[in-house]
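K.L.:
Please find the sequence and the predicted model below.
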Amino acid sequence: MKKASLKGVPTPEERAPRLADLRMRKMARSAHAYVRGSADRFYAWLDSQASGTLPDGPPVWICGDCHLGNLGPLADASGRVAVQIRDLDQSVIGNPVHDLLRLGLSLTTAARSADLPGVITSRMAEALIDGYEQAFDDARTDETKRAERPTVVRVAMKQALHRSWRKLDRQTIDGVAPRIPLGKRFWPLSEEESQAVRTLFESQSGLAVREALGRAVRGGGKIDVLDAAFWVKGCSSLGRRRYAVLLDIDGTCSPGGPPCLVDIKQAAAAAAPRHVGATMPRDNAKRVAEGARHVSPLLGDRMLAARLDGCAVVIRELMPQDLKIDADRLTEADAVKAAHFLALVVGQAHAGQMDAPTRRSWLYELQARRPGSPGAPSWLWRSMVELAVAHEAEYLEHCRRYALRRGAGKR
């Protein structure tokens, strides 16, 4: 699995500064990109709020980083597709309002980045709370099933449903040869990393890993590691260990079948605050996997917590249907529908963890805080505005630091 060096592709020893620069550059692209990569700033703002300012919902597993890029079509091991939350790195047992606010902030900054008028943001806030409440109203079950998908969601679902293993291969790996091409997205591994990856899948200690694969290996089935590389992916996770691994399961690649593409991602401590008294796994990888099973079952059922060379990691097989919603496609005609639909998806993830009395109680509390006239409740609108203003200022300061850093590097 040793890689030949390529011009411009960093060695393992050169990764850290390159990743730090790439993360700063990604976050400088737009205010919405900054929001995606700064969950810690969101929770710093939450920590500054006086007690009782926001509704305190029943403790459930939450996403913890609920922005637009972390929602989209997901497939289970058999290929069944639904829109759910895609990333659970920050998942904790916490206040469900935190997910709603983070989604509201993401929608607000996406609308501003798309130059949509402010009145659209006001209407999105109203749609956001209405879609979220709908998930807890048992009387609106049929309405929930018929929820209208906005264009951005329909496009993503259409792409997901028509995406094949072969198309995933073309977009991620070399066409015929089962190899990961080094370059902008994939960097070489050290000898130690290569050995650790191979041991994880091919040793007897890797039996639990085999059971987690979508195309599970039963009995004494054989797994061969065909190739592996460091994966330059995401934004907030840049700087952590992340690997793409190609596996051959029981020789399925030899007659021309697709390899199994696995994502290995280091699990770090969550910035999202946990509910006082909540019992969660102390191991960060086990926390992420457990949160996924509660919040996004299609994803959680094909994830596994493991140790890679002493490091807590989450392993999952990538499915062709796994896609994120493209926030750049957000239009004035679609923004309000997107707010309602995505809030409903998040609400369903929370509601599925509550019994009927708890759902009714939480719905009553939310509705009690709403004004008698149409519009978003004051706590939601005020929070979305304050968060947008704070993040805009922080984004501009981030851009300034990045520009100064780039300027210093050229001298």
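P.N.:
In hand now; what should we look at?

K.L.:
ok but P371 is inside a helix, no?
P.N.:
No: applying DSSP: H, G, I helix; E, B strand; the rest coil, one finds P371 to be coil, outside a helix.

K.L.:
Which pLDDT value goes with it?
P.N.:
Per-residue pLDDT puts P371 at 73.

K.L.:
Run a quick neighbour tally on it.
P.N.:
10 (other Cβ atoms under 10 Å). Every C-beta, even on glycine, is put in place using the N, C-alpha and C of the backbone.

K.L.:
for S361, same thing?
P.N.:
15.

K.L.:
so it touches P58, yeah?
P.N.:
Yes: using Cβ atoms under 8 Å, S361 makes contact with P58 at a distance of 7.4 Å.

K.L.:
Just give me the residue closest to the centre of the protein.
P.N.:
Nearest to the mean C-alpha position of the chain, counting by Cα atoms, centre = their mean, stands D87 at 2.5 Å.

K.L.:
how much space between that one and L74?
P.N.:
11 Å (Cβ to Cβ, to the nearest Å).

K.L.:
Overlap in contacts, those two.
P.N.:
Counting by Cβ atoms under 8 Å, 6 or more residues apart in numbering, D87 and L74 have no shared contacts at all.

K.L.:
Do you know the pLDDT at R215?
P.N.:
51.

K.L.:
All further residue positions should be reported with the first residue as 31.
P.N.:
Sure thing, new numbering starts at 31, so read that last one as R245.

K.L.:
which residues sit in contact with D117?
P.N.:
C93, D95, G99, N100 are the contacts of D117 under Cβ under 8 Å, 6+ apart.

K.L.:
out of these, who's nearest M57?
P.N.:
Closest approach to M57 among the contacts of D117 (Cβ to Cβ): G99, at 12.7 Å.

K.L.:
Pretty sure the closest one sits in a helix.
P.N.:
Yes: under three-state DSSP, G99 falls within a helix.

K.L.:
wait, it sits on R66?
P.N.:
Yes: the criterion here is Cβ under 8 Å, and G99 meets it with R66 at 5.5 Å.

K.L.:
residues bridging contact with the two, i.e. touching both?
P.N.:
Joint contacts of G99 and R66 (Cβ under 8 Å, 6+ apart) are S136.

K.L.:
so is V275 in a helix, a strand, or just coil?
P.N.:
Of the three states, V275 takes strand according to three-state DSSP.

K.L.:
beta partners of it?
P.N.:
Counting by DSSP bridges, V275 is bridged to A258, V292.

K.L.:
residues in contact with it?
P.N.:
Counting by Cβ under 8 Å, 6+ apart, V275 touches V227, F231, V255, D257, A258, L291, V292, D293, I294.

K.L.:
Assumed the third one was part of a helix.
P.N.:
No: assessed with three-state DSSP, V255 is strand; it does not lie in a helix.

K.L.:
now it, nearest residue through space, not along the chain?
P.N.:
Distance criterion Cβ to Cβ, 6 or more residues apart in numbering; nearest residue to V255, sequence neighbours excluded, is R228 at 4.9 Å.
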